[in-house]
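Q: How does the following fold in three dimensions:
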Amino acid sequence: MTEAQNQKQPLLSVRDLHVSYGAIKALRGFNLDVYPGEIVCVIGSNGAGKSTLMNAIMGNVKRQSGKILFEGKPLEGQSFQIVTKGLSLSPEGRKVFAPLTVYENLMMGSFPVNDKEKVKKDLEWVYTLFPRLRERSSQYAGTLSGGEQQMLAIGRALMASPRLLLLDEPSLGLAPIIIKDIFKELKRINEEGVTILLVEQNARQALLLSHRGYVMQTGQLVMEGDAKELLHNPEIQAAYLGTGKKAH
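A: So this is what the prediction gives:
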């Protein structure tokens, strides 16, 4: 049991969650807990249901059945309402507002925060985490590189001052050196007090970053545990890491 799990109440609990798209069952009774202070990852192949999980948590897709609790209370509503409760999503594909500047994109993320001084402080924090965003603050988001757009998407999510940051495939389409830089900052974000739930196809990077991990196949939970133990599990290595040998 991690130090975070010694706290009795999870920050986020997903219980027996089912989501369907017509006849397609995207989530089949999925369960998950995230405790305060943790980085938790969900790994799985493309189409396993990882993004559906994130969108269900954020109210972007209809839940067929099951419960989602945040700080012990049912999490209901549309995404803009859920953000005001302390959760924020950096979505798959980044989805920055291309015609707006970097600064304007960041300000769009701050809508739940009514304290102008807090917004100013959060903006400075984001610029400290991602100095390139400061350099390009007046540049249109659509002209940024993929890595810069990912930094912007994460920064925009942080501007809502979330207690839980959800990250959907932050490494997608990025060069290894950019992934390394972004994951370094994710660790720093966590160390500065933000709990993180991460879904990733890049299982190695996700497990190296996280405290605990969940493995999803066809919408179902098939394995969970300490991230480092999962990293060295031969089944995980064979299925997701491209090797049956122990990772070094």
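
Q: Now do the helices in this structure.
A: If DSSP state H is used as the criterion, the helices of the chain fall at 50-57, 79-83, 102-109, 116-129, 131-135, 146-158, 176-191, 203-209, 227-231, 234-236.

Q: So what sits opposite the most centrally placed residue in the chain in the bridge?
A: For the chain, the residue nearest the mean C-alpha position is L167 (1.9 Å; C-alpha atoms, centre = their mean). Using DSSP bridges, the beta-bridge partners of L167 come out as S90, L198.

Q: Distance check, it against P10.
A: L167 sits 18 Å away from P10, going by C-beta to C-beta, to the nearest Å. The way it works is simple: take the backbone N, C-alpha and C, and place the C-beta from them, glycine included.

Q: likewise K121?
A: 28 Å.

Q: same check, this time on H232
A: Relative to P10, and taking C-beta to C-beta, H232 is found at 26 Å.

Q: of those two, who's got more company?
A: P10 (21 against 15; other C-beta atoms under 10 Å).

Q: wait, the more buried one sits on V34?
A: Yes - proximity of P10 to V34 meets the contact threshold set by C-beta atoms under 8 Å, at 6.0 Å.

Q: quick one: contacts for E235?
A: M223 (C-beta atoms under 8 Å, 6 or more residues apart in numbering).

Q: mind checking pLDDT for it?
A: Model confidence at E235, given as pLDDT, is 93.

Q: and what of T243?
A: T243 is given a pLDDT of 64.

Q: between the helices of the chain, which one is nearest to H18?
A: helix 50-57 (9.3 Å; C-beta to C-beta).

Q: ok now the closest one, how far from the chain's centre?
A: Taking the mean of its C-alpha atoms, helix 50-57 sits 10 Å from the chain's own mean (C-alpha atoms, centre = their mean, to the nearest Å).

Q: Then stretch 82-100?
A: Per C-alpha atoms, centre = their mean, the centroid offset for stretch 82-100 relative to its chain is 11 Å.

Q: That stretch: end-to-end distance?
A: End-to-end distance of stretch 82-100: 24 Å, with C-alpha to C-alpha, to the nearest Å as the criterion.
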